[in-house]
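Engineer: curious how this folds, go ahead:
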Amino acid sequence: MIDTAELIRRITEFINSQPDDISKKELKKAIGDIYDELTKTVKKTKKSAKTSTSDSDSDEKPEKKKRALTKYNIFVKEQMAILKQNETPDTKMNAKEKMLHITKLWQEAKDAKKDDIVASSTVDEVIKKVDSEAGEEKVDIEKPKGKTPRAGMGVKKGK
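Structural biologist: Next up, the predicted model:
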C-alpha cells in the first residue's frame with residue numbers, strides 16, 4: 001500500500017519548488033511520475049521481502065535432466081548432417097523433404113532389421129524379439145462371459 005502522506009508531501013514539495021505557475025498538463029505528469037516512483041519502491045520492497053524469506057538458492061531454478069536421445073533421434077541427427085554435407089544447389093531440399101527422406105531411410109532400416117531377425121530365427125524367437133524391442137509383454141486376456149459391456153451399461157442395441 002502506498003503511503004499517502006509521503007505522496008502528498010512530495011507533490012507539495014514539487015509545487016513549491018516551481019517558480020512559475022504550472023499548467024494542468026505539467027501537474028498531471030509530475031503527480032503521475034511521483035506516484036510511479038513511490039509505487040516502484042513499494043513493489044521493490046515487497047519483492048525483496050519475499051526473496052529474503054525464501055531460500056537464497058530459489059532464484060536459481062534447478063536444472064532439469066534431459067531425457068536421453070532415442071535411436072530414432074540419433075539416426076535423424078546423423079542423417080541430417082550427412083544431407084547437409086552432401087547438399088549441392090541441384091540436390092537442395094527443404095526441411096520437410098529432408099525429414100521425409102530420413103523417415104523413409106529409417107523405415108527401410110527398420111524393415112531390414114526385421115527381415116534379418118526372421119531369416120535367422122524361428123517364429124517363436126521372432127515374436128519374442130519383436131515384443132521385447134517394443135517393450136511390450138504379451139498378456140492373454142480372457143473375455144468376460146455373459147452380457148456385452150454395451151448392454152451392461154444400459155445402452156440399447158440398434159435395429
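Engineer: for the chain, which spans come out with low pLDDT?
Structural biologist: Along the chain, the parts satisfying pLDDT under 70 run over 1, 41-59, 117-159.
Engineer: per-domain residue ranges of it.
Structural biologist: Domain ranges of the chain: 4-50, 71-134, per automatic domain parsing.
Engineer: which other helices and strands does the helix or strand hosting Glu6 contact?
Structural biologist: Using DSSP states H and E, Glu6 sits in helix 4-17. With contacts taken as 3 or more Cβ pairs under 8 Å, 6 or more residues apart in numbering; DSSP states H and E, helix 4-17 sits against helix 24-53. (C-beta placed from N, C-alpha, C; glycine too.)
Engineer: helix or strand next in line after the helix it packs on, which one?
Structural biologist: Once the chain leaves helix 24-53, the next helix or strand it forms, by DSSP H and E, is helix 71-85.
Engineer: between helix 71-85 and whichever helix or strand comes after that following helix, find me the angle.
Structural biologist: As assigned by DSSP H and E, the chain's next helix or strand after helix 71-85 is helix 95-120. Interaxial angle, helix 95-120 versus helix 71-85 (axes from the mean of the first three to the mean of the last three Cα atoms, to 10 degrees): 130 degrees.
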